[in-house]
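>>> Just to be clear, the model below is a prediction. Sequence and coordinates:
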Amino acid sequence: MSSTTNPLLVEWTTPFKVPPFSKIEVSHYKPALEAGMEAHLEDLQAIVDNQDEPNFENVIAAYDRCGSLLDKVGSVYSNMGSSMNTEDLQAVQTEMSPILSRHSSATYTLPGLFDKINQVYKKRETLDLTPEQNRLVERIHLDFTRSGAHFDKAAQEEYTEIKAQLATLLTKFAQNVLKDESTYELVVKRPDLEGCPDSLIEAAKGAAKERNKEDDEYVITLGRSLVEPFLTFCQDRELRKEAWEAWTERGELDEERMNIPIATEILKLRKRMSELHGCKSFAEYQCLDSMAKTPENVMKLLENVWERAKEAADREREALEEYAKSSGESVEDGIQPWDWRYFAEKVRIAKYDFDGALMKPYFSVDAVKQAMFGVSNRLYGLKYVPRPDIEMYHPDVMCYEVREDLPDGSDKLTALFILDNYSRQFKSSGAWMSEYRTQTRNLLESVDGIEGIPIVSNNNNLAKGKNTLLSYDDAITCLHEFGHAHHGMLSDANYERLASTNVLMDFVELPSQLMENWLGETEVLKEYARHFETNESLPDELLEKLMAAESFNEGFATIEYTVCALLDMAMHQLDNYDDFDMAEFEKKELERLGMPQGIVMRHRPAHFCHLFASNGYAARYYVYQWAEVLDKDVFAAFKESGDVFDKETAAKARKLIYSAGNTHPPEELFRQFRGRDPDIKFLLKKKGLLAKA
């Protein structure tokens, strides 16, 4: 295929050089990726061949610019691999994953390249570098050593092969989960949905129509926005059990898509990878480049929270069992995992007179979007201008110009924001932020400056209906991903390697989780939580009940997450995986931890994509809780100011949390913001666990 006919390889003439989605076909990806890899190696070879004395500009800054074509092509390819991953694209992924992995390895082992980087690294103190430039030198040098650039040839070859095998296995694991989620359906009739809110019934009917079911049939899929409400409101215990079993057995629903053997092989390869680095476990290797530094520090945090949460969860279960007994609903075998959400909602209503379903009419998808944009504007001055004329990859996806005012009365373009809210076939489950272009100033003079303006995307998986109404938790998720988006949109680094979310993993969730806090503020809820039909603001009575029930069921939620992080760390610290039995390990580890009855892991191993669909969160699932310590402490600074939209505090948060990227060590950024190290008490107080010290 000629480069002049492949839309991924020609100059993009779209507004702001947004990808020309309508012109891109699956057949374009492979040749474009191949061209991108070739150009990337040429860029790197030019650094090696440069005869001038190695310095920051001709080695480090030049390296930061390398691979622009591959980045451009790869960003579309990877985003579509999550948002529109058709079977044709999955076939390309299967073929290209090991090839792209071997290319990545080749870039770190290119003869002469690490030598030049190492020369600059060794003399960095004599080069009169800015702190950001010095940070860039150190991070790039670390990238190379963590990728085996300093290994001997035999070790490099083994490492390359391990990474290629991992790429294939990680891709297969993710595809198996996607297939289970996209093909499973629980078909029910209208009487089976008795007690369910209208929004769930409408979404189930929409799912049935998509699957060409009969007029009297409804479908519950394994999308979280459908199955969790079903488990919460469905009165039929057997149907709840059926849905729960399918949901918790993703990755094991079909003998041709069994993920446990894949996960086991991934663990073995990671163990060997860590050994090549001189580490005794993959957990040790992952923690070396983190705020936590060691698995022991991670476990100290997790176990502190775990023991407190167990006590809370046990009290919660007793309350659920007492309610079930008093209401005459039979749970002779005790509260089971398919019962917990159902009875928790009943107890919430009984104890706080608070029915979560009554909140949904005030959280339409449009109301939540307006809350997101409104909070963003009040904190950071960002304005969101819809651009329906910019063609996206699906009719449900919307693009916005993100602009901010300047002192002279004009405004400037800060970013492009792409919002993809709805669940659909071939879209990965969950919610995530990604980028099509990362902020940078490190551009050659011949390059259009728009190439340094970020294009940031948020993906959610809301169940689309005539009136898409969100639960409070779903609305929180939208704010979470929008926080990640701000990390990309507000990035203010000179070099792409240090920009946006390219930070240590236990810092990356701080910007996202921090943004969640504003949705719980009264003034935000009163302004933006409006009834989708009447535009009436959230009634004071309902708001008061929401606040009163704020920490209700927090033991369950904390256990459900923390057990995943604990099992992740334990699994990645094993001495060997000979004759490893994942199911037996899971069982024994939960017994050792004293897992409360009636709760299971939020992500069981066979569908734990954070761990086995990529390496980023492996032995790092703890980062959400680590960052929660940070975010609750940071938000406390806003509360202490007397105004959660305090301009001075917001300016500090923008500078030190959202804009700084990886230009400084995260510990330093936090200390600059707070004047001290993080304090866990704010997290424990928010979860209602502080009194149980």
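Received it, and whenever you're ready, just let me know what you need. Residues are numbered from 1 along each chain as shown.
>>> tell me the helices in the stretch 301-450 of the chain, going along the chain?
Ranges of helices in the stretch 301-450 of the chain, per DSSP state H, counting those that start in this stretch, are 337-352, 365-380.
>>> Show me the contact partners of the last one.
The one in question is helix 365-380. Residues outside helix 365-380 that contact it (C-beta atoms under 8 Å, 6 or more residues apart in numbering) are 382-384, 404, 419, 421, 462, 468-470, 475, 478-479, 482, 486, 490, 515, 518-519, 524, 527-530, 532, 645, 650, 653-654, 658. Using the backbone N, CA and C atoms, a C-beta is placed for each residue, glycine as well.
>>> Kindly recompute the last result at 6 Å.
Helix 365-380 is contacted from outside by 382, 384, 468, 470, 475, 478, 482, 518, 528, 530, 645, 650, 654, using C-beta atoms under 6 Å, 6 or more residues apart in numbering.
>>> got it, and stretch 57-76?
8, 19, 32-33, 36-37, 39-40, 43-44, 47, 50, 52, 116, 120, 136-137, 436, 442, 495-497.
>>> which residues in this structure form strands?
186-189, 217-220, 382-386, 398-405, 411-422, 432-437, 455-462 (DSSP state E).
>>> so where is the protein shaky, pLDDT-wise?
Across the chain, the ranges flagged by pLDDT under 70 are 1-2, 691-693.
>>> Using the centroid of it, identify the residue furthest from it.
Q51 (42.9 Å; C-alpha atoms, centre = their mean).
>>> hmm, which of the contacts of stretch 57-76 are the buried ones?
Applying 16 or more other C-beta atoms under 10 Å to the contacts of stretch 57-76, the neighbour count classes 8, 19, 32-33, 36-37, 39-40, 43-44, 47, 116, 120, 136-137, 436, 442, 495-497 as buried.
>>> check contacts around M489.
With the criterion set at C-beta under 6 Å, 6+ apart, M489 makes contact with 402, 415, 454, 456.
>>> partner residues bridging the residue nearest to it when sequence neighbours are not counted?
Nearest non-adjacent residue to M489, counting by C-beta to C-beta, 6 or more residues apart in numbering: A415, 3.8 Å away. Residues in a beta bridge with A415, per DSSP bridges, are V402.
>>> now do the same end-to-end measure for stretch 645-665.
Across its full length, stretch 645-665 reaches 26 Å between end residues, using C-alpha to C-alpha, to the nearest Å.
>>> measure the most centrally placed residue in the chain to G195 for me?
Centroid-nearest residue in the chain, with C-alpha atoms, centre = their mean: W432, separated by 4.4 Å. According to C-beta to C-beta, to the nearest Å, W432 and G195 sit 32 Å apart.
>>> Repeat that for C66.
Noted for C66: a distance of 58 Å to G195, by C-beta to C-beta.
>>> What of N662?
49 Å.
>>> the more surrounded of those two?
Per other C-beta atoms under 10 Å, whichever of N662 and G195 has more neighbours is N662, with 23 against 14.
>>> The more buried one touches N502, doesn't it?
Yes - judged on C-beta atoms under 6 Å, N662 makes contact with N502 at a distance of 5.3 Å.
>>> Just confirm L510 contacts A627, I think it does.
Yes - using C-beta under 6 Å, L510 is in contact with A627, at 4.6 Å.
>>> residue ranges for the helices of the stretch 1-150 of the chain, please.
Taking DSSP H, counting those that start in this stretch as the criterion, the stretch 1-150 of the chain carries its helices at 29-49, 62-65, 68-83, 87-109, 113-122, 131-146.
>>> how about those in TSV, adding distance to P395?
Output for the helices of the stretch 1-150 of the chain, formatted as TSV (distance: least, C-beta to C-beta, whole Å):
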stretch	distance to P395
helix 29-49	22
helix 62-65	36
helix 68-83	13
helix 87-109	19
helix 113-122	45
helix 131-146	39
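>>> For A549, which of these is the nearest?
Across those, A549 has its closest neighbour in helix 68-83 (34.1 Å, C-beta to C-beta).
>>> Now do the contacts for the nearest residue to G206 once chain neighbours are set aside.
Excluding the flanking residues, the one nearest G206 by C-beta to C-beta, 6+ apart is G465, at 5.5 Å. By C-beta under 6 Å, 6+ apart, the contact set of G465 is 202-203, 206.
>>> And G465, how close does it get to S364?
10 Å.
>>> what does S78 give?
In terms of C-beta to C-beta, S78 sits 31 Å off from S364.
>>> Looking at those two, which is more packed in?
Between S78 and S364, counting by other C-beta under 10 Å, S364 is the more crowded of the two (21 against 15).
>>> Pretty sure the more buried one sits against H531.
No - the pair S364 / H531 is not scored as a contact, 8.4 Å apart, by C-beta under 6 Å.
>>> still on that earlier bit, and the residue farthest from the centre of the chain, how far is that from R146?
Taken as C-beta to C-beta, the span from Q51 to R146 is 29 Å.
>>> cool, I60 as well?
For I60 relative to R146 (C-beta to C-beta), the value is 17 Å.
>>> Check F608 too.
23 Å.
>>> Go ahead and confirm L538 touches F363.
No - using C-beta under 6 Å, L538 is not in contact with F363; the gap is 9.1 Å.
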